[in-house]
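Visitor: the following block contains a protein sequence and its predicted model.
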Amino acid sequence: MANRDTPTAASLQPRTTSSHATQTPQHSPIDSMPAQLAAEMPSPTTPAPRRTPALLRKQSSPMMPPFMVSAPGKVIVYGEHAVVHGKAAIAAAISLRSYLHVSFLSKSNRTVKLRFPDIQMEHTWNIDELPWDTFSQSGKKKYYYDLVTSLDPDLMAAIQPCIDEVSPTAPEAIRKIHHASACSFLYLFLSLASRKVPPCVYTLRSTIPIGAGLGSSASISVCLSTAMLLQIRALSGPHQDQPPQECELNIERINRWAFVGEMCIHGNPSGVDNTVSSGGKAVLFQRRDYDKPPLVIPLHSFPELPLLLVNTRQSRSTATEVAKVANLLNGHPALTENILNAIGLVTESAHNFLISPDFDPTSPDSLQYLGELVTINHGLLVSLGVSHPKLERIRELIDHTGIGWTKLTGAGGGGCAITILKPQPPMLTNGHANGTHNHDTSSDESDTSSEPDDPDCGASIISTGTKLKYKILDSLEVKLENEGFEKFETTLAGDGVGVLWPAVLHNGNEEEGGEEIDQEKFLKAEGTVGIERLVGVASGRRKDVREVREGWKFWRPWEVADR
Ligand SMILES: Nc1ncnc2c1ncn2[C@@H]1O[C@H](COP(=O)(O)OP(=O)(O)O)[C@@H](O)[C@H]1O
Ligand SMILES: C[C@@](O)(CCOP(=O)(O)O)CC(=O)O
């Protein structure tokens, strides 16, 4: 995965517009659409069409099938706050994702519609009334391969009236959320598409809690960027056997435009959220000098791990928490610097370990090492004053079960806690009735406690351990819910952006013709489980570590690199 300022930048820029022809993707999912339709797809390099006289009009073409894209949220695993002061941090993708469904309307419709039910937003614009002229003026026009690092005030001013017409009567706080999403959409749409774009509906649903520091905004920006780049045929793949450099190039292209979407929502984002959401897995991220681009190193060795994520549901402000640390630094410079340095060392230790030959993603000892760093990192964040009683309560409840290593993630002061789960519950690894933990599963233990003592049944121990782990997790879930917290069982360091083209699932049977995911079915799916079931993601904790996503395709540079 590459960051917006990495050397791959040069490789993305054709020298002249005419070199576009040589860059036309060979394996885009859109290549599978009928040639006539493909020819009608707008491209930023396609000259504006001449008006066809009514008598010479072509026959109507069949409508393009709907397609879907999906992008993950992220967590900071090590190094938040210290990263603001020049140290490195490690962020990783999670399996909570946003899903964007794109469907097409008949040509006569001339509208583009957003359906974003998570934020109760719906809006339709007339395509012909959008400010295409401003976006295509010379000096303003951007191409899919361009690097855009700031928003153009003239373009922002041109879309403002279109944003203002969204949810005009909603309360101010809701309007702000709607306008941020609309701005992200419109800026990308007007930059990448053209007046000739087929009328379409963008329906978005996410399993990522909004505003909890899990990168929900970046994941929607990545979905929008990917969908539009696919629509203008500026991406190739994803497909199996795609060379790693080509995967990187596509991810980079998506990431650049996702960053533009993020700027619309956040003003001045660091870029780490969209980078992780585009490319998946994990990255080491460091910004020593704010005038220079950040250092972003993909960590392809980061293991896919089951992760427990608990949302305090306590709203927090990143700016306030960052300011708390700045104040502490002012009042206690030497001490605070030492804490920040220690956090920097935590990240450095994790990074060195992950890239060392000693690291074995399947070994409990390796996991233990990474887990201990999680615990240390949390302690240091507490001493910076950025925890919250609710985060401490969650940590206390989880520590009592002994099932893993817990820390706050992101800004703190609320938001979420993460727990890297131990491979086996502590009573199996440390012997029975481990005095340091109160498992609170007394009724559950009776039916499992005899099995681990049997030296001849390793498989049975594993299944007993797994059963016990789930019992502990179930009992924990009840406690967390009773106290108003929200628990997610997710996976750390999975895939980045994915494509389901067309939006059809075959459920293993190609002959059946498959089940089309249409807009209404997508809107009706209930909750995370309903959405994941509909889009073909194996849901629930009993899934394998790598989720099965039938029909979905991902750019996975690490996998190709491993071959
Ligand atoms: N599911 C969603 N549907 C529509 N817009 C969303 C969704 N999730 C996030 N957003 C947009 O992203 C913004 C949230 O950004 P932010 O508060 O930084 O949260 P996060 O830390 O999760 O990225 C929202 O105001 C909204 O504009
Ligand atoms: C506290 C900080 O290090 C991370 C904030 O993360 P989030 O806003 O909770 O995703 C701030 C930053 O890196 O900009």
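Guide: Looks like it came in fine. Numbers count the residues shown, from 1 in each chain. Ligands and ions are numbered 1, 2, ... in the order given.

Visitor: contacting residues around the residue most central in space within the chain?
Guide: Nearest to the mean C-alpha position of the chain, counting by C-alpha atoms, centre = their mean, stands Pro72 at 2.3 Å. Shown in contact with Pro72 (C-beta atoms under 8 Å, 6 or more residues apart in numbering): 93-97, 215, 219, 276-277, 280, 494-496. The way it works is simple: take the backbone N, C-alpha and C, and place the C-beta from them, glycine included.

Visitor: could you rerun that using 7 Å?
Guide: 93-97, 219, 277, 280, 494-496 (C-beta atoms under 7 Å, 6 or more residues apart in numbering).

Visitor: next, format the residues you listed as TSV and append pLDDT, distance to Leu155 and secondary structure.
Guide: Output for the contacts of Pro72, formatted as TSV (pLDDT from 0 to 100; distance: C-beta to C-beta, whole Å; DSSP: H, G, I helix; E, B strand; the rest coil):
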residue	pLDDT	distance to Leu155	secondary structure
Ala93	98	30	strand
Ile94	97	33	strand
Ser95	95	35	strand
Leu96	96	32	strand
Arg97	97	29	strand
Ser219	98	24	helix
Ser277	98	24	helix
Gly280	97	30	strand
Gly494	93	35	coil
Asp495	95	32	strand
Gly496	97	28	coil
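
Visitor: circling back: distance check, the residue nearest to the centre of the chain against Ile343.
Guide: 25 Å (C-beta to C-beta, to the nearest Å).

Visitor: confidence score at Asp31?
Guide: pLDDT recorded at Asp31 is 44.

Visitor: correction: Tyr202
Guide: We have a pLDDT of 98 for Tyr202.

Visitor: also Asn274?
Guide: 95.

Visitor: distance check, it against Tyr143.
Guide: 19 Å.

Visitor: who's more crowded, those two?
Guide: Per other C-beta atoms under 10 Å, whichever of Asn274 and Tyr143 has more neighbours is Asn274, with 32 against 16.

Visitor: I'd say that one and Val222 touch.
Guide: Yes - counting by C-beta atoms under 7 Å, Asn274 does reach Val222; the two are 6.0 Å apart.

Visitor: quick check: neighbours shared by the two?
Guide: With contacts taken as C-beta under 7 Å, 6+ apart, Asn274 and Val222 have Ala258 as neighbours in common.

Visitor: flag every buried residue along the helix or strand containing Cys162.
Guide: Assessed by DSSP states H and E, Cys162 sits inside helix 153-164. Neighbour counts over helix 153-164 (16 or more other C-beta atoms under 10 Å) mark 155, 158-159, 162-163 as buried.

Visitor: with stretch 278-295 instead?
Guide: For stretch 278-295, using 16+ other C-beta under 10 Å, the buried residues are 278-287, 294.

Visitor: quick revisit: columns pLDDT and distance to ligand 2 on top of the buried residues of helix 153-164, output as CSV?
Guide: What follows is the buried residues of helix 153-164, written out as CSV (pLDDT from 0 to 100; distance: C-beta to the nearest ligand atom, whole Å):
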residue, pLDDT, distance to ligand 2
Leu155, 98, 26
Ala158, 98, 30
Ile159, 98, 26
Cys162, 98, 28
Ile163, 98, 24
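
Visitor: which strands and helices sit next to the helix ranked longest in the chain?
Guide: Secondary structure assigned by DSSP state H gives helix 458-482 as the longest helix of the chain. On a contact count with 3 or more C-beta pairs under 7 Å, 6 or more residues apart in numbering; DSSP states H and E, helix 458-482 meets helix 389-401, helix 426-429.

Visitor: beta partners of the residue nearest to the centre of the chain?
Guide: Beta bridges link Pro72 to Arg97 when assigned by DSSP bridges.

Visitor: how far away is it from ligand 2?
Guide: Distance of Pro72 to ligand 2, computed by C-beta to the nearest ligand atom, to the nearest Å: 14 Å.

Visitor: what values do phi and psi take at Lys553?
Guide: When read as degrees, to the nearest 10, the backbone of Lys553 gives phi -130, psi 150.

Visitor: for the residue lying closest to it once chain neighbours are set aside, give me its contacts.
Guide: Sequence neighbours aside, Pro238 is the residue nearest to Lys553 in space, at 4.2 Å (criterion: C-beta to C-beta, 6 or more residues apart in numbering). By C-beta under 7 Å, 6+ apart, the residues touching Pro238 are 499, 553-555.

Visitor: quick one: which of the residues you listed has the most company?
Guide: Comparing the contacts of Pro238 by number of neighbours (other C-beta under 10 Å), Trp555 comes first, having 31 neighbours.

Visitor: Leu308 belongs to a helix, doesn't it?
Guide: No - looking at Leu308 with DSSP: H, G, I helix; E, B strand; the rest coil, it is strand, so not inside a helix.

Visitor: rewinding a little: quick one: contacts of the helix holding Cys162?
Guide: Counting by C-beta under 7 Å, 6+ apart, 125, 130-131, 134-135, 140, 179, 182-183, 186-187, 190 sit against helix 153-164.

Visitor: only the buried residues of the helix or strand following it, if you could.
Guide: Using DSSP H and E, the helix or strand that follows helix 153-164 in sequence is helix 172-192. By 16+ other C-beta under 10 Å, the buried positions in helix 172-192 come out as 175, 177-192.

Visitor: tell me the helix or strand right after helix 172-192.
Guide: Assigned by DSSP H and E, the successor of helix 172-192 is strand 200-206.

Visitor: look up how far ligand 2 lies from Leu204.
Guide: 20 Å.

Visitor: need the contacts of Pro238 in JSON lines (columns: distance to Thr169 and pLDDT).
Guide: Output for the contacts of Pro238, formatted as JSON lines (distance: C-beta to C-beta, whole Å; pLDDT from 0 to 100):
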{"residue": "Val499", "distance to Thr169": "37", "pLDDT": "97"}
{"residue": "Lys553", "distance to Thr169": "41", "pLDDT": "94"}
{"residue": "Phe554", "distance to Thr169": "41", "pLDDT": "95"}
{"residue": "Trp555", "distance to Thr169": "42", "pLDDT": "96"}
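
Visitor: so which of the residues you listed are in strands?
Guide: Those of these mapping onto strands are 499, 553-554, per DSSP state E.

Visitor: for those residues, which one is nearest Lys87?
Guide: Phe554 (30.7 Å; C-beta to C-beta).

Visitor: the closest one contacts Asp495, doesn't it?
Guide: Yes - Phe554 lies in contact with Asp495 (C-beta under 7 Å); the separation is 4.4 Å.

Visitor: burial count for Asn109?
Guide: Per other C-beta under 10 Å, the neighbour tally for Asn109 reads 16.

Visitor: nope, Lys74 is what I meant
Guide: Neighbours of Lys74 (other C-beta under 10 Å): 30.

Visitor: quick one, phi/psi of Thr409?
Guide: Backbone phi and psi, for Thr409 under degrees, to the nearest 10, turn out to be phi -130, psi 140.

Visitor: quick check: beta-bridge partners of it?
Guide: With DSSP bridges as the rule, Thr409 is bridged to Cys416.

Visitor: report the contact partners of it.
Guide: Counting by C-beta under 7 Å, 6+ apart, the residues that Thr409 touches are 75-76, 80, 213, 416-418.

Visitor: and for Asn377?
Guide: Counting by C-beta under 7 Å, 6+ apart, Asn377 has contacts 78, 343, 346, 407.

Visitor: what does Ser70 give?
Guide: Contacts of Ser70 (C-beta under 7 Å, 6+ apart): 97-99, 223, 497-498.
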